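Undergrad: sequence plus the predicted model coming up.
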Amino acid sequence: VGEALARGLARIGDGARAAVVAAVVSMEESALLNAGRGAALAEDGTVSLDAGFMDGQTRRFGGVAGVRRTATPVRIAELLASDGEFGRLLIGDAADAAARTAGIAETSPEALVSDHARERARLRVADSTAPRGDTVGAVALDAQGHVAAAVSTGGLAGKRAGRVGDSPIVGAGFWADDRIGAAVTTGIGEALMRHGTARRCIELVASGASLREAARRSIDELGSSAIEVGRSGGIGGIIALTRHGEIAIDHDTAEMASGWGSPGEPTVVRSRWRDPVA
Ligand code: ASP
């Protein structure tokens with residue numbers, strides 16, 4: 001996370017858009033995180049990647065789901081934000097073809113599978129309570145007052161083949177609006193999609209809540225909406241910022257490694273931002 005922050009901050013002079021993509025690409029390239037190479041395996045042992053991007057200035061978004069031939073799907077999502085009138089969401093082969101056309105480095109589906117991910121999949125079979133997430137994401141505000149959001153994931157470990165989570169779904173996994181702020185989520189995608197968590201957080205700010213209240217409330221709502229399936233907590237997390245530069249990081253999972261920084265200031269990186277819900 002510290003490395004991703006450094007890579008993002010190094011690009012903030014080129015705008016929030018460049019910064020969030022640089023931060024997320026750095027995490028996609030790390031074989032340790034659930035994104036890009038090394039992403040979590042689906043139940044059939046393959047990797048299929050989802051990613052999303054939104055530009056707060058134009059509110060155009062891009063999304064990709066089921067990517068198998070590039071290790072940096074966030075780059076495709078960013079490109080698709082320039083497509084059509086509002087942006088674009090593409091699946092599978094069409095998303096991979098868009099990457100090829102744009103000259104984004106191609107890889108084989110097998111090369112996305114890491115030993116670390118195989119080992120994690122093996123441990124998960126032994127312990128069904130092992131964490132299944134670790135989506136990566138970034139939000140940024142630049143000196144021109146523009147915000148952006150980017151997110152990338154292999155999805156929930158052991159997911160059903162063909163399953164798509166919240167990360168490529170605008171409003172659920174990511175949201176950016178220069179008039180208010182930007183947010184990115186992680187957690188159980190089906191709960192996040194139903195709740196529309198990233199947009200919900202930003203809308204709460206628009207209706208007068210502080211960003212910290214908004215982040216906490218959106219995560220609490222997410223948790224309470226899952227009581228029906230017998231869960232209390234462990235549903236998700238959010239990172240968010242406003243156009244004024246306020247920052248909020250919140251989660252009801254035990255941990256969510258995250259950080260923040262501004263150019264020329266020391267960065268902050270922690271794995272816990274809230275006491276875990278029992
Ligand atoms: N939200 C992702 C999904 O459901 C998983 C994660 O956050 O790690 O696909």
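TA: Sure thing, it's come through.
Undergrad: got the residues of this structure near the ligand?
TA: With the criterion set to Cβ under 6 Å from any ligand atom, the chain comes near the ligand through 34, 133-135, 153, 155-156, 165-167, 186-189, 192. For the C-beta atoms, the positions are set from N, CA and C on the backbone; glycine is no exception.
Undergrad: helices - which of those residues land there?
TA: 189, 192 (DSSP state H).
Undergrad: which members of the residues of the chain next to the ligand occur in strands, if any?
TA: Using DSSP state E, the subset of the residues of the chain next to the ligand located in strands is 153, 186-187.
Undergrad: before we move on, the earlier item: neighbour-wise, which of the residues of the chain next to the ligand leads?
TA: Tallying neighbours with other Cβ atoms under 10 Å puts Ser167 at the head of those, with 34 neighbours.
Undergrad: residue contacts, the residue nearest to Gly92 when sequence neighbours are not counted?
TA: Excluding its sequence neighbours, the residue lying closest to Gly92 (Cβ to Cβ, 6 or more residues apart in numbering) is Gly66, at 4.2 Å. Counting by Cβ atoms under 8 Å, 6 or more residues apart in numbering, Gly66 touches 48-50, 91-92, 95, 162, 164.
Undergrad: now those in JSON lines, with pLDDT and neighbour count?
TA: Putting these into JSON lines (pLDDT from 0 to 100; neighbours: other Cβ atoms under 10 Å) gives the following:
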{"residue": "Ser48", "pLDDT": "97", "neighbour count": "24"}
{"residue": "Leu49", "pLDDT": "98", "neighbour count": "32"}
{"residue": "Asp50", "pLDDT": "98", "neighbour count": "31"}
{"residue": "Ile91", "pLDDT": "98", "neighbour count": "17"}
{"residue": "Gly92", "pLDDT": "96", "neighbour count": "15"}
{"residue": "Ala95", "pLDDT": "97", "neighbour count": "28"}
{"residue": "Gly162", "pLDDT": "95", "neighbour count": "12"}
{"residue": "Val164", "pLDDT": "98", "neighbour count": "20"}
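Undergrad: closest to Ile219 among the residues you listed?
TA: Closest approach to Ile219 among these (Cβ to Cβ): Asp50, at 20.7 Å.
Undergrad: hmm, back to that, of the contacts of Gly66, closest to the ligand?
TA: Closest approach between the contacts of Gly66 and the ligand, by Cβ to the nearest ligand atom: Asp50, at 6.2 Å.
Undergrad: does the closest one count as helix, strand or coil?
TA: Secondary structure state of Asp50, per DSSP: H, G, I helix; E, B strand; the rest coil, is strand.
Undergrad: hang on, Ala193 packs against Pro168?
TA: Check again: residue 193 is Met, not Ala. No - taking Cβ atoms under 8 Å as the definition, Met193 is not a contact partner of Pro168, at 10.3 Å.
Undergrad: which one of the ones in strands among the residues of the chain next to the ligand is nearest the ligand?
TA: Distance to the ligand across these (Cβ to the nearest ligand atom) is lowest for Thr186, with 3.5 Å.
Undergrad: surely Lys159 and Gly45 touch.
TA: No - counting by Cβ under 8 Å, Lys159 sits too far from Gly45 to count as a contact (11.6 Å).
Undergrad: who has more neighbours, the two?
TA: The neighbour comparison of Lys159 against Gly45 (other Cβ under 10 Å) goes to Lys159, with 20 against 12.
Undergrad: helix, strand, or coil at that one?
TA: Classified using three-state DSSP, Lys159 is coil.
Undergrad: confirm that Arg179 sits in a strand.
TA: No - using three-state DSSP, the secondary structure at Arg179 is coil, not a strand.
Undergrad: list the residues that contact the spatially closest residue to it that is not a sequence neighbour.
TA: In space, Arg179 comes closest to Arg243 once its chain neighbours are excluded; the distance is 7.0 Å by Cβ to Cβ, 6+ apart. Residues in contact with Arg243 (Cβ under 8 Å, 6+ apart) are 56, 141, 145, 147, 178-181.
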